[in-house]
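1. Make a model of this:
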Amino acid sequence: LFPPTPKNKITLANETTIVALLSGYQYIPIKTVKPGNDCTLKCWTDCPIYHISKVYASSEFKEKAKSAQPFFGTIRDYISGRPTTLE
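-> Now for the predicted structure:
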């Protein structure tokens with residue numbers, strides 16, 4: 001997606017051109033929002049259209065939630081206090 005490239009360079013004020021570290025490594029751009037404004041990780045349990053309570057009650061969901069717990073345990077420190085469950 002963002003491979004190193006020698007095109008990732010800059011010319012300094014003294015006209016010296018340098019290539020980014022690691023042979024032109026490009027950082028992946030990340031957009032962030034304040035946790036209170038982020039709706040992508042919130043569940044929509046009050047929306048009658050999605051009937052999310054039926055999904056949460058299904059055996060498939062419970063099985064997937066159980067298998068995801070080790071992953072959620074590893075990211076807990078990185079998600080700003082958000083719940084670490086699929087619900």
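
2. can you count the residues close to the residue nearest to Pro3 when sequence neighbours are not counted?
-> Using CB to CB, 6 or more residues apart in numbering and skipping the chain neighbours, the partner closest in space to Pro3 is Gln26 (7.5 Å). Just so you know, the C-beta spots here come from the backbone N, C-alpha and C atoms, and that holds for glycine as well. For Gln26, the neighbour count with other CB atoms under 10 Å is 14.

3. okay, Gln26: pLDDT?
-> At Gln26, the pLDDT value in this model is 73.

4. thought it was touching Asn8?
-> Yes: using CB atoms under 8 Å, Gln26 is in contact with Asn8, at 5.4 Å.

5. Could I get the phi/psi values of the residue lying farthest from the centre of the chain?
-> Farthest-out residue of the chain from its mean C-alpha position, per CA atoms, centre = their mean: Asn14, at 39.1 Å. Phi and psi for Asn14, reported as degrees, to the nearest 10, are phi -90, psi 10.

6. Which residues outside the helix or strand where Ile75 lies are in contact with it?
-> Secondary-structure assignment from DSSP states H and E places Ile75 in helix 59-75. Contacts to helix 59-75, defined as CB atoms under 8 Å, 6 or more residues apart in numbering, come from residues Val55, Thr84, Thr85, Leu86, Glu87.

7. likewise stretch 11-23?
-> So stretch 11-23 is contacted by Pro4, Pro6, Asn8, Lys9, Ile10, Gln26 (CB under 8 Å, 6+ apart).

8. so what's the first one up against?
-> It refers to Pro4. By CB under 8 Å, 6+ apart, the neighbours of Pro4 are Ala20, Leu22, Ser23, Gly24, Tyr25, Gln26.

9. Skipping its backbone neighbours, what lies nearest the fourth one in space?
-> Spelled out, it's Gly24. Asn8 (4.0 Å).

10. Ser58 versus the one you found, what's the distance?
-> 47 Å (CB to CB, to the nearest Å).

11. Then Gln26?
-> Where Ser58 is concerned, Gln26 sits at a distance of 42 Å (CB to CB).
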